[in-house]
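[1] Got a predicted structure plus its sequence, pasted below:
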Amino acid sequence: MSKFLVLAYLDPGSGSMLLQILLGGIAGVAVAGKMYWQRIKAHFSGGSKKPD
Amino acid sequence: MTDSFEPASFRDRHSRVFQRDKRIYRALSASGLSEWETLAATRLFAGFSRRGALVATRRADDEAALLAPLGDGWAGALEHERVPFISYPYEWSFGMMKDAALLQLDLVLAALDEGMILKDATAYNLQFRGASPVFIDIGSFITLDPGEPWPGYRQFCQLFLYPLLLQAYRDIPFQPWLRGSLEGIDPRDANAMLSTRDLLRSGVLAHVRLQAGAQQRFASTGRDVRADLRKAGFDARLIKANVAGLRKLVAKLEWTRHSSTWAGYAGDNSYDEANHQKKAAFVRAAAAERRRGLVWDIGANTGTFSRIASEHADYVVSMDADVLAVERHYQSLKQQDVRTILPLIGNVADPAPALGWRGLERLPLEKRGTPDLVLCLALIHHVVISANVPLAEFVDWLATLLSGGGDLVIEFVTKDDAMVRTLLRNKDDQYGDYEQPNFEAKLASRFEIVRQETIQSGTRTLYYARAK
């Protein structure tokens, strides 16, 4: 585990973490786009994977 | 219990506060110590410490001896300057909360410039030295890993932003809420208190409505949101944009209530100038009798007599139950950068209680310092008649408070006084105990009355008394 996570005792909240993309100004737009694209990719690749 | 930690310092296992010989120390884990070393070398630490916005901190001497009784796992110890009197956000006025919030955000912005961040954002990490906020949790600063979000964002909203928004936009005082909930105001509750019309106001849509929705939507998500953010290229620029936006939002917030029962009292009371001067001279003489460490001014209004007491005291805690009176007092102290008078919202008939884990985390008022002098001016009629506290019990309470050898300046207001007549206007006079001879007898049973002076055509008497 990274030192950052070792030291951070507070649960930032999943929703509140994601909201920080939206509040991140112009830089946030690119992150939001990439995140969205990854979810689409995951949706398709995850769907075709056979269980072990 | 001198060898254990402060009862309020338990959340963060890498940084815990303890006292030894009345001095304040912080034990740090190996990771915590390395973060301190990083922080201590920054411009931010030097700059904020110089202006008193960060609590004065240095590596403790003789760390091994300090840490030995605390058990294993501690790598270093810091010593902190002691804040004169601990206060809590539910005792602060709007302006105090706003200035505390701005300091918290300024520290996050400065930390980001140094590659660091604060791991939490609780209002309990701030204190006041008079009218000047000071950040006390040096253990909050950590190096920011690439791709990590701001861990304290939600907590900042719950304990700073929502209280301020509610008071600024809806005129709902935040103090009772924070006293009832140490974690602050949940996004869902804040959302429920703001109307659809409020969505047009700055900050409400993004920080309240969307956060309440996001919290609900992702509460039980199985996704590793941190990993997702990292992969999608989240970085410190986004945090900075958010924090800068919050700073702008908070700086603009104003609470515009202009009148309350008591806030105009100092300029519009029943005293004429001559009687006011007599009262001021009486208080000054009592205050000047000897130098005091801590003075409490209870029912201080906008602090006229706190100022007088502070001429002869190290520190004055100046309390009033009226939120607007305290706000005005704070703003005037702030304007003159007064650091020896602490204005607080407090009601002696319903004082700040013991709260939190084991009831030891947030201390009742009386456990945070014993006054050497108490000013109780034009207050007793409110305690006895408005709050229905029996007169004898109130005098007993004062005597117990001062039992260590403290002094009292108390003003008795007779039933002939216009103010008392107003209080009795809609009430049955069940206050047979509220008579001057009875008051004097009770006072004399618990205090030695040093001197007294009657003013205001006989309706008000000042007493200077010493606890027996």
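    Structure received.

[2] what about the residue of chain B at minimum distance from chain A, distance to B:Val395?
    Proximity to chain A, evaluated over chain B using C-beta to the nearest C-beta, is greatest for B:Leu238 at 2.7 Å. Where C-beta positions appear, they are placed from N, C-alpha and C, glycine not excepted. Separation of B:Leu238 from B:Val395 (C-beta to C-beta, to the nearest Å) stands at 59 Å.

[3] re earlier: quick check, the residue of chain B closest to chain A in a helix?
    Yes: per DSSP: H, G, I helix; E, B strand; the rest coil, B:Leu238 lies within a helix segment.

[4] Can you give me the neighbour number for the nearest residue to it once chain neighbours are set aside?
    Spatial nearest neighbour of B:Leu238, chain neighbours left out: A:Gly24 (2.7 Å); criterion: C-beta to C-beta, 6 or more residues apart in numbering or on different chains. By other C-beta atoms under 10 Å in any protein chain shown, 24 other residues sit near A:Gly24.

[5] now B:Leu107
    By other C-beta under 10 Å, neighbour count at B:Leu107 equals 24.

[6] quick one: contacts for it?
    Neighbouring residues of B:Leu107 by C-beta atoms under 8 Å, 6 or more residues apart in numbering or on different chains: B:44, B:48, B:53-54, B:118, B:135.

[7] try B:Leu424
    Here B:Leu424 is in contact with B:385, B:415, B:431 (C-beta under 8 Å, 6+ apart).

[8] Dihedrals phi and psi, it?
    Main-chain dihedrals, B:Leu424, degrees, to the nearest 10: phi -90, psi -10.

[9] quick revisit: which single one of the contacts of B:Leu107 is nearest to B:Ile345?
    B:Phe135 (21.2 Å; C-beta to C-beta).

[10] Is B:Ser318 in a helix, a strand, or coil?
    strand.

[11] what's across from it in the sheet?
    With DSSP bridges as the criterion, B:Ser318 is bridged to B:Asp297, B:Pro343.

[12] Need the pLDDT of it.
    Here the pLDDT value assigned to B:Ser318 is 98.

[13] Could you verify my assumption that it touches B:Ser306?
    Yes: at 3.9 Å, B:Ser318 counts as touching B:Ser306 under the criterion of C-beta atoms under 8 Å.

[14] dump the residue contacts of B:Phe94.
    B:Phe94 touches B:164, B:167-168, B:174, B:255, B:323, B:327, counting by C-beta under 8 Å, 6+ apart.

[15] got those as CSV, with neighbour count, pLDDT and distance to chain A columns?
    CSV is the format used below for these (neighbours: other C-beta atoms under 10 Å in any protein chain shown; pLDDT from 0 to 100; distance: C-beta to the nearest C-beta, whole Å):
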residue, neighbour count, pLDDT, distance to chain A
B:Leu164, 21, 98, 17
B:Gln167, 23, 96, 22
B:Ala168, 21, 96, 20
B:Phe174, 24, 97, 20
B:Trp255, 19, 95, 24
B:Val323, 21, 94, 29
B:Glu327, 22, 96, 29
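
[16] Take those and keep only those in helices.
    B:164, B:167-168, B:323, B:327 (DSSP state H).

[17] what separates B:Tyr162 from B:Leu103, distance-wise?
    Counting by C-beta to C-beta, the gap from B:Tyr162 to B:Leu103 is 18 Å.

[18] and those two? which has more neighbours close in?
    Applying other C-beta under 10 Å to B:Tyr162 and B:Leu103 shows that B:Tyr162 carries more neighbours, namely 27 against 19.

[19] Number of residues surrounding residue 35?
    This is for chain A. Using other C-beta under 10 Å: A:Met35 sits among 18 other residues.

[20] Actually, chain B is the one I wanted.
    Considering only other C-beta under 10 Å, B:Glu35 is surrounded by 24 other residues.

[21] How about B:Arg59?
    Neighbours of B:Arg59 using other C-beta under 10 Å come to 14.

[22] And B:Ser181, by the same measure?
    Residues near B:Ser181, counting by other C-beta under 10 Å: 15.

[23] thinking again about what came up before, need the pLDDT of the residue of chain B closest to chain A.
    At B:Leu238, pLDDT is 97.

[24] who touches it in this structure?
    Applying C-beta under 8 Å, 6+ apart, the residues contacting B:Leu238 are A:20-21, A:23-25, A:27-28, A:31, B:149.

[25] Among these, name the buried ones.
    In the contacts of B:Leu238, burial by neighbour count holds for A:20-21, A:23-24, A:27-28, A:31, B:149, counting by 16 or more other C-beta atoms under 10 Å in any protein chain shown.

[26] now, which of those residues lie within helices?
    Those of the buried ones among the contacts of B:Leu238 mapping onto helices are A:20-21, A:27-28, A:31, per DSSP H.

[27] Just the helices from chain A, written as ranges.
    Using DSSP H, helices in chain A cover A:3-7, A:14-22, A:25-48.

[28] Of those helices, which stretch is the most buried?
    Highest mean neighbour count among the helices of chain A (mean count of other C-beta atoms under 10 Å in any protein chain shown): helix A:14-22, with a mean of 23.

[29] residues in contact with that helix?
    Under C-beta under 8 Å, 6+ apart, the answer for helix A:14-22 is A:28, A:31-32, A:35, B:149-150, B:153-154, B:157, B:187, B:206, B:210-211, B:213-219, B:221, B:223, B:225-226, B:229, B:232, B:234, B:238-239, B:242.

[30] any idea of the angle it forms with helix A:25-48?
    130 degrees (axes from the mean of the first three to the mean of the last three C-alpha atoms, to 10 degrees).

[31] who touches the closest residue to B:Asp198 other than its chain neighbours in this structure?
    In this structure, B:Asp198 finds its nearest non-sequential neighbour in B:Val204, 4.9 Å apart by C-beta to C-beta, 6+ apart. Residues near B:Val204 by C-beta under 8 Å, 6+ apart: B:165, B:169, B:194, B:198.

[32] Please apply the same query to B:Pro149.
    Applying C-beta under 8 Å, 6+ apart, the residues near B:Pro149 are A:12, A:17, A:20, B:226, B:229, B:234, B:238-239.

[33] can you do 6 Å?
    A:17, A:20, B:229 (C-beta atoms under 6 Å, 6 or more residues apart in numbering or on different chains).

[34] Can you add pLDDT and give those residues back as a markdown table?
    Conversion of these to a markdown table gives the following (pLDDT from 0 to 100):
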| residue | pLDDT |
| --- | --- |
| A:Met17 | 94 |
| A:Gln20 | 95 |
| B:Leu229 | 93 |
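
[35] and the closest residue in space to B:Leu70 that isn't next to it in sequence, what are its phi and psi?
    Excluding the flanking residues, the one nearest B:Leu70 by C-beta to C-beta, 6+ apart is B:Ala27, at 5.6 Å. Taking degrees, to the nearest 10, you get phi -90, psi 140 for the backbone angles of B:Ala27.

[36] Show me which residues of chain A sit near chain B.
    Within reach of chain B by C-beta under 6 Å from any C-beta of the partner chain, chain A has these residues: A:2-4, A:6-10, A:12-20, A:23-25, A:27-28, A:31, A:34-35.

[37] same thing but at 8 Å, please
    A:2-10, A:12-28, A:30-32, A:34-35, A:38 (C-beta under 8 Å from any C-beta of the partner chain).
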